[in-house]
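In: no sequence on hand, only this structure:
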């Protein structure tokens with residue numbers, strides 16, 4: 001055979017291409033968050049939709065302005081900024097002022113993401129880092145409304161301080177929580193809390209959608225939720241173990257964090273073993289903060305702390321190179 005007649009084309013990797021680019025993946029994530037967003041509008045009123053729209057617009061605007069100012073290729077079209085905007089709105093109370101949302105958008109996009117090189121180079125989850133920064137305004141970030149409270153798109157919000165399930169759990173007040181919310185209400189999301197965190201059922205469905213679509217894998221969510229379940233069941237703080245565990249799983253931001261935050265490609269480990277370890281660490285820190293911290297919720301800080309360990313996990317848990325035997329890999333590690 002004369003190979004010169006085959007018209008072979010030599011090119012650099014990658015040689016296998018797919019339609020699943022960043023824009024396609026982020027579009028699927030936005031689709032998975034659509035039902036929780038609609039439920040937030042149902043639960044807290046149209047201001048939830050307005051807050052999400054303001055947050056998305058702010059994130060997209062800051063990304064466009066930053067990259068235009070530095071004369072870089074614009075990346076707004078990959079939808080990653082839009083995903084960040086929705087997630088920032090999801091982790092805030094519906095009463096949060098729009099100017100705080102915009103400050104959070106700026107911090108997430110410019111400080112956490114773009115200053116480190118843009119998408120794929122940030123070492124912290126932008127939305128969670130923004131939430132931690134926004135807690136500088138603790139009063140505005142901890143003013144909760146009850147489910148189905150009256151609200152207006154631009155007017156004042158019925159913003160009486162309302163106890164969230166995690167606040168009651170932090171006080172070890174399981175009986176009080178039972179009287180206020182039963183488990184079906186916790187599952188559906190007819191409770192007080194952050195806009196996009198309340199409906200465990202819809203977040204679970206969204207997470208399963210992403211797993212089925214192979215946008216994310218099951219390793220981090222299962223190890224994260226499983227660790228929280230095991231610890232709260234084994235150490236129920238004097239309460240009924242099963243009930244205490246279920247309230248801990250369905251309350252707070254666990255489902256949102258496990259499926260939509262901890263699974264961020266950039267800030268989570270590459271290997272499956274590393275992802276299991278990452279989820280385990282997130283679960284341990286979450287329960288530790290909930291049990292012993294002054295703050296009633298631990299998901300945000302647990303994921304941020306584990307984000308900082310990803311480089312260590314990836315460095316020490318690496319798959320063997322193709323064709324390399326385990327003894328050879330062990331010998332190479334010992335020689336170092």
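Out: Alright, I've got the coordinates. Treat the numbers as computed from the prediction; the structure is a model and nothing was measured.

In: going forward, measure contacts between C-alpha atoms and count neighbours the same way
Out: OK.

In: could I get the full set of strands for the stretch 151-300 of the chain?
Out: For the stretch 151-300 of the chain, no strands are identified by DSSP state E, counting those that start in this stretch.

In: flag the shaky bits of it, pLDDT-wise.
Out: 151-161 (pLDDT under 70).

In: quick one: the closest residue to residue 319 other than its chain neighbours and residue 221, what's the gap?
Out: In space, residue 319 comes closest to residue 271 once its chain neighbours are excluded; the distance is 7.0 Å by CA to CA, 6 or more residues apart in numbering. Here residue 271 is placed at a distance of 14 Å from residue 221 (CA to CA, to the nearest Å).

In: looking at these two, which has the bigger crowd around it?
Out: Ranked by neighbour count (other CA atoms under 10 Å), residue 271 and residue 221 place residue 221 first, with 32 against 15.

In: residues contacting the nearest residue to the more buried one once chain neighbours are set aside?
Out: Using CA to CA, 6+ apart and skipping residues adjacent in sequence, the residue nearest residue 221 is residue 258, 4.8 Å away. Residue 258 makes contacts with 220, 221, 224, 225, as judged by CA atoms under 8 Å, 6 or more residues apart in numbering.

In: out of those, who's nearest residue 29?
Out: residue 221 (15.1 Å; CA to CA).

In: ok, that closest one touching residue 280?
Out: No: Residue 221 lies out of contact with residue 280 (CA atoms under 8 Å); the separation is 9.5 Å.

In: residue 137: neighbour count?
Out: With other CA under 10 Å as criterion, residue 137 counts 11.

In: and residue 214, by the same measure?
Out: 11.

In: try the one 3 residues further on
Out: The burial count assigned to residue 217 is 18, neighbours taken as other CA under 10 Å.

In: with adjacent residues omitted, what lies nearest to it?
Out: residue 211 (5.6 Å).

In: how much space separates residue 60 from residue 248?
Out: Taken as CA to CA, the span from residue 60 to residue 248 is 34 Å.

In: which positions within the top helix by length along the chain qualify as buried?
Out: Scanning the chain for the longest helix, with DSSP state H as the assignment, gives helix 47-69. Neighbour-count burial for helix 47-69 flags 47-52, 54-64, 66-67 (criterion: 16 or more other CA atoms under 10 Å).

In: and what of stretch 180-200?
Out: 181, 186-200.

In: what about the nearest residue to residue 32 once chain neighbours are set aside, neighbour count?
Out: Nearest non-adjacent residue to residue 32, counting by CA to CA, 6+ apart: residue 206, 4.5 Å away. Each residue near residue 206 was counted by other CA under 10 Å, and the total is 25.
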